[in-house]
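*Asks:* Prediction below, plus the sequence it came from.
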Amino acid sequence: MAKGFTSTSPRTRGTSGIQFAQIKDFTGGLNFRADQFQLAPNESPFILNMEVDPRGGVFSRAGYMNFNTSGVSGTWNPKILFNYKYPADPHIMFSTGFVTSGSVDGKVMYANSASHNFVNLNSAVSTPLAVKSLNGASFTQWEDTLYIALGKDATQMYKWTVGNTYATALLASSPTWQQYTLPVGGYMPRAELSITHANKLFVANTKEYNNDATPSLTAFPNRLRWSHESLPEDWYVDDYIDIIAGGEGIRGLAVVDGQLLIFKPKAVYLLMGYDADSFQLVEVSKFVGIDIPQQCVEGDGGVYFFDYPKGLFFFDRNGMQNIYERLEPTVTQNQINAQQLAKVTLGFVNNRLWMSAPYDLKGSGAAQTTSTVNFVFDRSIGQRGAYTMFQSADEFGLYAGCDWYDNVEEVYHLMINPDDAFPYIFMVDEYEAGNIPVEAEDDVLQGATPSSSGSFVTNYTTSWFYNERYVQNKTFVRPLYVVRNVETDTQLIINTFHDFNSTNIVSPSTLVLDAQQSGGLYNTAQFDSAIYGIDILPTTIQAGARLKRAKAVQIQFLGPTDTNSNPLVVPGRYWGINSIAYKFKSRQVRSSK
């Protein structure tokens, strides 16, 4: 018997008595690669907007809530969020990218605990920082100071400390490079990327002045530079490495286990050592890489990164692992639009990896031009981690985000909404005690395109159950479902499929869940109006409709949507499943001769 099932069925010819098989482990998560025979009982061929419980069940995700109460002004080309850990007044930094159509500069903005609405970071009165990078500004923190690389085509880089009215310009280091003796500070090379590491400030993909009599700017897309030791604003002319192999341009930087990871389009390098005398460049891979900085992110003690067409990888001190096998058909079957790879971003939020993708969720064959889903990966579930899939109510996948702590250490799990009609940052994973969502619907702009009421579709589809005998007919009696209780009367739609045909619904039914009753407190509740001792998150056993006769069955659970006229099918209601028990009679196999 495959892992995840408990069965009383014999290994020989079926008896006339009722047998049962129980699934109570759902931790396999989403698997697009395995066919119906390879799919483990605890895996699913389709999950949408459902959380995988590490203890075994599945339940609907929390709604996305607006972080900023007013929409971000200006051209909405969101790229990056950064947690600026200023001790007394933490800020969340946000950047948009340069727009080539019309040559529109990106901006750097910030919000804090006092106001969640984003305002421009300026260099002078009414002079926002002009981001020239297509991928937005690159932020890094040195002690309490934030260093900002605006792109190699920007005339100046900047630094800023909370409390200062304006950001301070840092002059391009060349041709005024600093010697190790008596450096004066105030410099930073023009660059696409910046990061702090080994007590130095590193920049990559630079543009520098040459040494001609009349100096001119020259691009060095493959150059990695570092500052003086402990002096992030002083740079020596010869402190750099040019990394030529692996394609044009350094595309991303990350720190893993005290070493600097450098990404090219088709190569990954590790910089080992701590100064110019000990630095050693090690080639990690010459087959995979990234295209934009948002395709690598630090988390789980290592670095996640996405390569097209190889997939998603995780790198730590144990080496590089491909963790994309279960989603591989999204690439091999052209379900992710290879012409829109800039829409593939990674964010490590609430100890999980969120990958956005321009994915053809509905199987229409149309190339998606924006992010449509998030594939969410949790390494802590099961032996190999588990995937699930999220989509916002207005049918988008959220962009790269981060966790942010305010001045009272309350954590916000933030992601970027890419919808042009709704320029907001979303809070995700907002749960109260007992995994009950704080908000069960997404905050969306009424009248947005596509129009949405805030409700999102929830779907959990089981693997095929055939009791290891798909040649043998079985008469299924009413299955039993252990479901999570609901706070309001709710109805689930249950569709049944037979014999490996996942397109023809043979047995549609509904499951009505009565609202949980709240417990009363002694000497406070009116007699006969409250029940004492009710669990805050009880479960109930519900009998489903008959699954009829078939060789194999698959069950699809759909949560409440706004397309059903039934008053119990109200969108946004919380629900979940902890176990499914199949009850059936095996029929004798007869010759068709």
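*Replies:* Structure's in. What do you need? Numbering: from 1, shown residues only.

*Asks:* The stretch 151-300 of the chain: helices as residue ranges?
*Replies:* Here the stretch 151-300 of the chain has no helices by DSSP state H, counting those that start in this stretch.

*Asks:* so what's Lys310 closest to, chain neighbours aside?
*Replies:* Nearest residue to Lys310 in three dimensions, chain neighbours excluded: Val288, at 4.9 Å (CB to CB, 6 or more residues apart in numbering). For every residue, glycine as well, the C-beta is placed using N, CA and C.

*Asks:* what separates the one you found from Arg251, distance-wise?
*Replies:* Computed with CB to CB, to the nearest Å, the distance linking Val288 and Arg251 is 12 Å.

*Asks:* hmm, who's touching stretch 368-381?
*Replies:* Contacts with stretch 368-381, where a contact means CB atoms under 8 Å, 6 or more residues apart in numbering, come from 27, 29-30, 52, 54, 300, 312, 314, 323, 327, 336-337, 340, 343-345, 351-361, 385-391, 395-399, 418.

*Asks:* Can you list the buried residues in that stretch?
*Replies:* For stretch 368-381, the neighbour count (16 or more other CB atoms under 10 Å) marks Gln368, Thr370, Ser371, Thr372, Val373, Asn374, Phe375, Val376, Phe377, Asp378, Arg379, Ile381 as buried.

*Asks:* Give me the number of neighbouring residues for the closest residue in space to Gly252 that isn't next to it in sequence.
*Replies:* Taking CB to CB, 6+ apart, and ignoring the residues beside it in sequence, Gly252 has Phe263 as its nearest neighbour in space, at 3.9 Å. Applying other CB atoms under 10 Å, we find 31 residues neighbouring Phe263.

*Asks:* Confirm for me that Phe263 is in contact with Val256.
*Replies:* No - with contact taken as CB atoms under 8 Å, Phe263 and Val256 are classed as non-touching, separated by 11.7 Å.

*Asks:* ok, the nearest residue to Val255 once chain neighbours are set aside to Glu298 distance?
*Replies:* Setting aside the residues directly before and after it, Val255 is nearest to His197 in space (CB to CB, 6+ apart), at 5.3 Å. Distance, His197 to Glu298, using CB to CB: 12 Å.

*Asks:* intersection of neighbour lists for the two?
*Replies:* Residues within reach of His197 and of Glu298 at once, by CB under 8 Å, 6+ apart, are Val255.

*Asks:* Which one of these two is surrounded by more residues?
*Replies:* Looking at His197 and Glu298 with other CB under 10 Å, you find the greater number of neighbours at His197, namely 18 against 14.

*Asks:* Quick check: pLDDT value at that one.
*Replies:* We have a pLDDT of 96 for His197.

*Asks:* cool, the one 5 residues further on as well?
*Replies:* Listed pLDDT for Phe202 reads 98.

*Asks:* Next up, the contacts around it.
*Replies:* Under the criterion of CB under 8 Å, 6+ apart, the contact partners of Phe202 comprise Ser194, Ile195, Thr196, Leu224, Arg225, Trp226, Ser227, Leu253, Leu260.

*Asks:* let's see 10 Å
*Replies:* Residues in contact with Phe202, defined by CB atoms under 10 Å, 6 or more residues apart in numbering, are 140, 191, 193-196, 224-227, 232, 239-240, 253, 255, 260, 262, 271.

*Asks:* how about the strands in the stretch 101-250 of the chain?
*Replies:* Taking DSSP state E, counting those that start in this stretch to define them, one finds strands in the stretch 101-250 of the chain at 108-112, 119-120, 122-124, 127-128, 138-142, 145-149, 157-160, 168-170, 190-197, 200-209, 217-226, 240-242.

*Asks:* Helices of this protein, residue ranges please.
*Replies:* Per DSSP state H, the chain has helices spanning 329-332. These are given in chain order.

*Asks:* can you list the weak-confidence ranges in it?
*Replies:* 1-16, 445-452, 516-539, 561-572, 589-593 (pLDDT under 70).

*Asks:* So which residue is smack in the middle of it?
*Replies:* Averaging the C-alpha coordinates of the chain gives a centre point, and the residue nearest to it by CA atoms, centre = their mean is Trp354 (1.1 Å).

*Asks:* and that one, how far is that from Tyr64?
*Replies:* 12 Å.

*Asks:* Overlap in contacts, the two.
*Replies:* Contact with both Trp354 and Tyr64 is made by residues Phe390, Leu398, Met415, Val428, Asp429, according to CB under 10 Å, 6+ apart.

*Asks:* Specify which member of these is nearest to Gln542.
*Replies:* Looking at the shared contacts of Trp354 and Tyr64 and their distance to Gln542, the nearest is Phe390, at 26.1 Å (CB to CB).

*Asks:* What are the neighbouring residues in contact with that closest one?
*Replies:* Residues near Phe390 by CB under 10 Å, 6+ apart: 47-51, 61, 64, 354, 356, 373-376, 397-398, 415, 428, 456.

*Asks:* now it, nearest residue through space, not along the chain?
*Replies:* Leaving aside its chain neighbours, Phe390 sits nearest to Asn374 (4.4 Å; criterion: CB to CB, 6+ apart).

*Asks:* again, but for Pro128
*Replies:* Of all residues apart from its sequence neighbours, Asn120 sits closest to Pro128 (CB to CB, 6+ apart), at 4.2 Å.

*Asks:* what about the one you found, neighbour count?
*Replies:* Using other CB under 10 Å, the number of residues around Asn120 comes to 16.

*Asks:* now do the one 3 residues further on
*Replies:* When neighbours are counted by other CB under 10 Å, Ser123 registers 17.

*Asks:* what does Asn66 give?
*Replies:* 19.

*Asks:* do you know how far it is from Ser278?
*Replies:* Spatial separation of Asn66 from Ser278 under the definition CB to CB is 48 Å.

*Asks:* returning to that earlier point: okay, and the common contacts of Phe263 and Val256?
*Replies:* Taking CB under 10 Å, 6+ apart as the criterion, Phe263 and Val256 both touch Val303.

*Asks:* Phe422: neighbouring residues, count only.
*Replies:* 22.

*Asks:* Likewise for Ala338?
*Replies:* Applying other CB under 10 Å, we find 12 residues neighbouring Ala338.

*Asks:* quick one: buried residues of stretch 195-204?
*Replies:* Applying a neighbour-count criterion of 16+ other CB under 10 Å, the buried positions in stretch 195-204 are Ile195, Thr196, His197, Ala198, Lys200, Leu201, Phe202, Val203, Ala204.
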